[in-house]
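J.: Using only what follows, build the 3D model:
(one chain, ligands or ions: 2)
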Amino acid sequence: MKPSKFNIISSSKESPNKILLYNTLHDHRILFDDPELNPQILFEKLKNNFSMSEKESDVVSQLKEMGLVLDDEVDEQALFDSWYHEKIRERTDVMQVTILPTMNCNLACDYCFENDVRENGIMKPEMISQTIDWMTQRLTNIRPRELHMTFFGGEPLLHPKAIREISKSMWSVCESLNIEMAFGMVTNGVLLTPEFVEELLPVGFRWIKITFDGDREAHDKKRIKHNREGTFDIIYDNLCKIAGKLKVSIGGNFDNDNYASMFSLVDRIRQSPFANDIVSARFKPIMKINPDIVSGRDGKVTSFCEVCSFNDPQINGILALQEKTRSTGLPVQKRPEIGPCEYHSRHSLTIGPDGSLYKCPAFVGVSHLAAGHVRDEKYNAQGETQVTMPKWDEDCESCAYLPNCCGGCRMNSVNKTGSLEVKSCEGNYLSRSIEDFMQQEIARLSEE
Ligand code: SF4
Ligand code: SF4
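T.: Ligands and ions are numbered 1, 2, ... in the order given. The predicted structure follows:
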């Protein structure tokens, strides 16, 4: 027998007898707290065919049932490949669609990538209808159990008509097809009203993601209106007015200027009237777009998407903020990962205001990465290539982080190398964040 290649082992820094075994493929976390049982020694004995105590043999049998120990002849890479194929790439249980009703924005944050792609403008009435038709057709063909929609932008609330029409139409389509539907939006929150929320609650409006770039003073230097006015109080008050109605994810983008202020922001939102609505609080470093490589962008800085937060040089800053957030009792990310994000799933996609389809929200506006158009039934050749191209290489196949990463973020690949096909490895980031996660898990499981 042999240990799974997706096992990771870490001892508690405070009590070295407590050892966590984490399997990245099955997401199992097992705490060893018995001086006679050490998974590292157990696996060494297994590999070398050494004899084991009865206790050790019992544990090995249990680990085998869980897939953390395998018979020698099992090809674990083949198991992973088929997991990826069925559960990620070709999954049909959930269809995830991100819709950008407009690239326009009522704010003028200087790091926003969408400053560069606004000429694509606003979703016109015929494009709203084509988007509804295209999604209806897809849902009818695929018949997922759930439809998850995200309105993103630009600022989606600048085009409430598109949000209303799409969400109401898709709700009745989903009802007729017996599909559960939920949607949310990534909004700056300036135009959010209780009336709009109330109107759309019956058609599946469930969550919002709001960004604060620090506490009031720092935020008001970054997230400003076109007339340079700050927006902290407006957003905060709007969130207070809808307290109890939606789940709220809090995001924040930091650089050296506002990093310290993120800590007081965490304290403030913890004490806010909407604290109980918060389901996640995640803060990310602002990343740079390479203007020489990503055509269609002029080199402004941005965070790529709502999923990724990797950034190796900033890992200490990310972890310290995560620790601060955790210490206040606010929810933090449950599993350290880069992927597999929506880019990997055939039936998940982003629709731009002009009806172009993309496999990743960060590709919007980069025309050569468009995967098709809502007027067409199928992805174009570029879309099909993105779905089917190999996502990882031989090095990844011996990397325990493969299930948390699947070969890395492809926007990062494009940004660094100009090519989707060149892997961009964030192994250092993953290794630090997984170690931090394991220490937290040891503490959590010790209390159970
Ligand atoms: S490819 Fe990268 S930027 Fe795109 S959705 Fe995935 S993690 Fe986010
Ligand atoms: S890209 Fe790097 S971290 Fe990700 S699976 Fe491959 S080797 Fe591991």
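J.: going forward, measure contacts and count neighbours with C-alpha atoms only.
T.: Noted.
J.: May I see the domains of the chain written out as residue ranges?
T.: According to automatic domain parsing, the chain comprises the domains 2-74, 94-382.
J.: Those: which one's closest to ligand 1?
T.: Of all these, domain 94-382 sits nearest to ligand 1, with 4.3 Å by C-alpha to the nearest ligand atom.
J.: From one end of the closest one to the other, what's the distance?
T.: 23 Å (C-alpha to C-alpha, to the nearest Å).
J.: what about that domain and ligand 2, touching?
T.: No: Domain 94-382 lies out of reach of ligand 2 by C-alpha under 6 Å from any ligand atom, never closer than 8.1 Å.
J.: In contact with Glu44, which residues are there?
T.: Contact analysis of Glu44 by C-alpha atoms under 8 Å, 6 or more residues apart in numbering lists nothing.
J.: buried set for the helix or strand harbouring it?
T.: Taking DSSP states H and E as the criterion, Glu44 maps to helix 39-48. Residues of helix 39-48 classed as buried by neighbour count (16 or more other C-alpha atoms under 10 Å): 39, 42-43, 46.
J.: One more: stretch 314-325?
T.: 314-315, 317-319, 321-322, 324-325.
J.: just stretch 437-448 next, same as before
T.: 437-439, 441-443.
J.: As a check, name the ranges of all helices in the stretch 101-250 of the chain.
T.: With DSSP state H, counting those that start in this stretch as the criterion, the stretch 101-250 of the chain has helices at 125-142, 160-177, 194-200, 216-222, 232-241.
J.: Between those helices, which one is closest to Arg335.
T.: helix 232-241 (27.0 Å; C-alpha to C-alpha).
J.: what about the residue of the chain found nearest ligand 1, distance to Gly153?
T.: Relative to ligand 1, the nearest point of the chain is Cys409 (3.8 Å; C-alpha to the nearest ligand atom). Separation of Cys409 from Gly153 (C-alpha to C-alpha): 20 Å.
J.: which one's the longest helix in this protein?
T.: helix 427-447 (DSSP state H).
J.: hmm, that helix touching ligand 2?
T.: Yes: using C-alpha under 6 Å from any ligand atom, helix 427-447 reaches ligand 2 at Gly427.
J.: Give me the distance from that helix to the chain's centre.
T.: Centre-to-centre, helix 427-447 and its host chain are 18 Å apart (C-alpha atoms, centre = their mean, to the nearest Å).
J.: Can you check the pLDDT for Arg410?
T.: On pLDDT, Arg410 comes in at 87.
J.: do the one 5 residues further on as well
T.: The per-residue pLDDT reported for Asn415 equals 82.
J.: Just want to check the distance between it and Pro336.
T.: Taken as C-alpha to C-alpha, the span from Asn415 to Pro336 is 22 Å.
J.: Kindly report the same for Gly329.
T.: In terms of C-alpha to C-alpha, Gly329 sits 18 Å off from Pro336.
J.: So the two - more neighbours on which side?
T.: More crowded of Gly329 and Pro336, by other C-alpha atoms under 10 Å: Pro336, with 22 against 10.
J.: ok, now which ones touch that one?
T.: 404, 430, 433-434, 437.
J.: What sits closest to Ser51 if chain neighbours are left out?
T.: Closest residue in space to Ser51, ignoring its immediate chain neighbours: Lys45 at 7.0 Å, by C-alpha to C-alpha, 6 or more residues apart in numbering.
J.: surely Arg335 meets Glu435?
T.: No: using C-alpha atoms under 8 Å as the test, Arg335 is too far from Glu435 to be in contact (11.2 Å).
J.: which one of these two has more residues nearby?
T.: Legend: neighbour count by other C-alpha under 10 Å for Arg335 and Glu435, higher for Glu435 (16 against 13).
J.: my guess is the more buried one contacts Ile8, does it?
T.: No: Glu435 lies out of contact with Ile8 (C-alpha under 8 Å); the separation is 9.3 Å.
J.: what about Met66, distance to Val60?
T.: Taken as C-alpha to C-alpha, the span from Met66 to Val60 is 10 Å.
J.: so Cys74, which of the three states?
T.: Residue 74: Val, not Cys. What DSSP: H, G, I helix; E, B strand; the rest coil gives for Val74 is coil.
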